[in-house]
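Trainee: coordinates for the following, if possible.
(chains A and B)
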Amino acid sequence: AQKITQTQPGMFVQEKEAVTLDCTYDTSDQSYGLFWYKQPSSGEMIFLIYQGSYDEQNATEGRYSLNFQKARKSANLVISASQLGDSAMYFCAMREGPGGSQGNLIFGKGTKLSVKP
Amino acid sequence: GAGVSQTPSNKVTEKGKYVELRCDPISGHTALYWYRQSLGQGPEFLIYFQGTGAADDSGLPNDRFFAVRPEGSVSTLKIQRTERGDSAVYLCASSFSASKETQYFGPGTRLLVL
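Mentor: A predicted model of the protein is given here:
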């Protein structure tokens, strides 16, 4: 079974609008970490935001926020006020183990976001 | 400061040849990770180092793949007897430590095996 599921292969959003990218995860660990990365066409993976499983508040970083629903095992990324430069692949990832100590990240297949002018 | 660097940025080789891919992590980062990303997929874990030792190599697909980090800084991923299926982007990441810390990625090496 997939550990990270991103059900939206592609998404379109109008410039200046908000968009939500979906991510569900599967783990039996009580302690884990969730990450979102952006990968532009240049190929580099850019860290966006992190949510720990014990964090009570949803993480926010500038225009990025993570809608964390632990009981539903979902960690959706919300991008507010989309910009043309937001067009890229977005990957959800998880690190398992106490405090996320397992080391490696497990990635989903990604969502391609296209921002329309 | 400087980010993670990887060389070469592109490598074309013939089936059966040996290749080495290099990763230079962010200074001071003790944990280093290798991932492989095939077209249209997310990165898949290969191996990670904490210091000089391989803490987890469970993602290496077979014994043709090997990685070293002799001085706890630069790492080299080595692929013997390359096969066409090895063609992918090989990504390196580093973090301050292996637990909880965010991993920062390099630009990747695009390997093409003909």
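Trainee: could you find the closest non-adjacent residue to the residue in chain B positioned nearest to chain A?
Mentor: Nearest to chain A in chain B, going by CB to the nearest CB, is B:G42, at a distance of 3.2 Å. Where C-beta positions appear, they are placed from N, C-alpha and C, glycine not excepted. Nearest non-adjacent residue to B:G42, counting by CB to CB, 6 or more residues apart in numbering or on different chains: A:F107, 3.2 Å away.
Trainee: and chain A, which residues reach chain B?
Mentor: By the rule CB under 8 Å from any CB of the partner chain, the part of chain A lying against chain B is A:4, A:33, A:35, A:37, A:42-47, A:50, A:52, A:91, A:93, A:97, A:99-110.
Trainee: drop anything exposed from those.
Mentor: Buried residues within those, counting neighbours by 16 or more other CB atoms under 10 Å in any protein chain shown: A:4, A:33, A:35, A:37, A:43-45, A:47, A:50, A:52, A:91, A:93, A:97, A:100-110.
Trainee: quick one: which of the residues of chain A next to chain B sit in helices?
Mentor: Using DSSP state H, no member of the residues of chain A next to chain B falls in helices.
Trainee: now the closest residue to chain B within chain A: how far from A:S41?
Mentor: Residue nearest to chain B within chain A (CB to the nearest CB): A:F107, separated by 3.2 Å. Distance of A:F107 to A:S41, given as CB to CB, to the nearest Å: 18 Å.
Trainee: before we move on, what about A:M11?
Mentor: Taking CB to CB as the measure, A:M11 and A:S41 are separated by 16 Å.
Trainee: the two: which is more packed in?
Mentor: Looking at A:M11 and A:S41 with other CB atoms under 10 Å in any protein chain shown, you find the greater number of neighbours at A:M11, namely 15 against 8.
Trainee: what strands flank the strand or helix carrying the more buried one, and is each parallel or antiparallel?
Mentor: Using DSSP states H and E, A:M11 sits within strand A:10-14. Under the criterion DSSP bridges, strand A:10-14 sits next to strand A:111-116 (parallel) in its sheet.
Trainee: contact partners of the strand it pairs with?
Mentor: Strand A:111-116 has contacts (CB atoms under 8 Å, 6 or more residues apart in numbering or on different chains) with A:6, A:8-15, A:19, A:21-22, A:79, A:82-90.
Trainee: mind giving me the PyMOL command for buried ones among these?
Mentor: Burial among those is assessed by 16+ other CB under 10 Å; the matching PyMOL selection reads:
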select buried, chain A and resi 6+13+19+21+22+79+82+86+87+88+89+90
